[in-house]
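[1] here is the input, now give the coordinates:
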Amino acid sequence: MRIYKILISLLLLSVTTYSYAEVKDITVYRSPNCGCCGGWIQHLQEHKFNVIDIKTNNMSNLKQKYGITEKLASCHTAIIDGYVIEGHVPAADIKQLLSQKPDVVGLTVPEMPVGTPGMEMGDRKDPFAVLTFDKDGNTSIFKQYDKY
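    Prediction:
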């Protein structure tokens, strides 16, 4: 009987731990003229996200709708499971967000740091932080990268 309890516990742990591994739809809004956004989309696809790519010339209204202030902004905005993902956020951090489900609006990598997914430039990798943000624009560090 004890072995069955252990097996069930392991099965439940694996389902809980890897629940984010399922294919998830993510809607990405971007300018039709932005090349780095395509690189980020490719990064997401390589990490098993199903990308719905929407090109729009109305990014400023979209950012305003989702509470993306100038200090939080980057070039593209994505929506997944009710969360906002702004900028070149690594796929692993999005998966972690979906697993943890914190009470935040979403994640952002403000501006466009060199070396983030979609912003690769050879061996150059600038340090950057992935931030959480709430509806009031308050931020906290979700993950810090010295070198990505």
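
[2] where does the chain have low pLDDT?
    Residue ranges of the chain with pLDDT under 70: 1-23, 147-148.

[3] what about the residue most central in space within the chain, helix or strand, and which?
    What sits nearest the mean C-alpha location of the chain, by Cα atoms, centre = their mean, is Ile94, with 3.9 Å. In this structure, Ile94 sits in helix 91-100 according to DSSP states H and E.

[4] what packs against that helix?
    Using 3 or more Cβ pairs under 8 Å, 6 or more residues apart in numbering; DSSP states H and E as the contact test, the elements touching helix 91-100 are helix 35-46, strand 83-87, strand 106-109, strand 139-145. In this view, the C-beta of every residue, glycine as well, is placed from N, C-alpha and C.

[5] and the angle for the next helix or strand after the third one with helix 91-100?
    It stands for strand 106-109. Following strand 106-109 in sequence order, the next helix or strand is strand 128-133 (DSSP H and E). Using axes from the mean of the first three to the mean of the last three Cα atoms, to 10 degrees, the inter-axis angle of strand 128-133 relative to helix 91-100 is 30 degrees.

[6] quick one on the thing from earlier: so what touches the helix holding Ile94?
    17, 19-21, 24, 26, 43-44, 46-47, 49, 80-81, 83, 85, 106-107, 117, 130, 142-143 (Cβ atoms under 8 Å, 6 or more residues apart in numbering).

[7] change it to 7 Å
    For helix 91-100, contacts defined as Cβ atoms under 7 Å, 6 or more residues apart in numbering pick out 19-20, 24, 43-44, 47, 49, 80-81, 83, 85, 107, 117, 130, 142-143.

[8] taking those residues together, which two end up most distant?
    Within the contacts of helix 91-100, two members stand farthest from each other by Cβ to Cβ: Ser19 and Pro117, at 22.2 Å.

[9] just to revisit the earlier point, buried ones among the contacts of helix 91-100?
    The neighbour count (16 or more other Cβ atoms under 10 Å) marks 20, 24, 43-44, 49, 80, 83, 85, 107, 117, 130, 142-143 as buried among the contacts of helix 91-100.

[10] looking at the contacts of helix 91-100, which is nearest Thr69?
    Nearest to Thr69 among the contacts of helix 91-100, with distances taken as Cβ to Cβ, is Leu107, at 14.4 Å.
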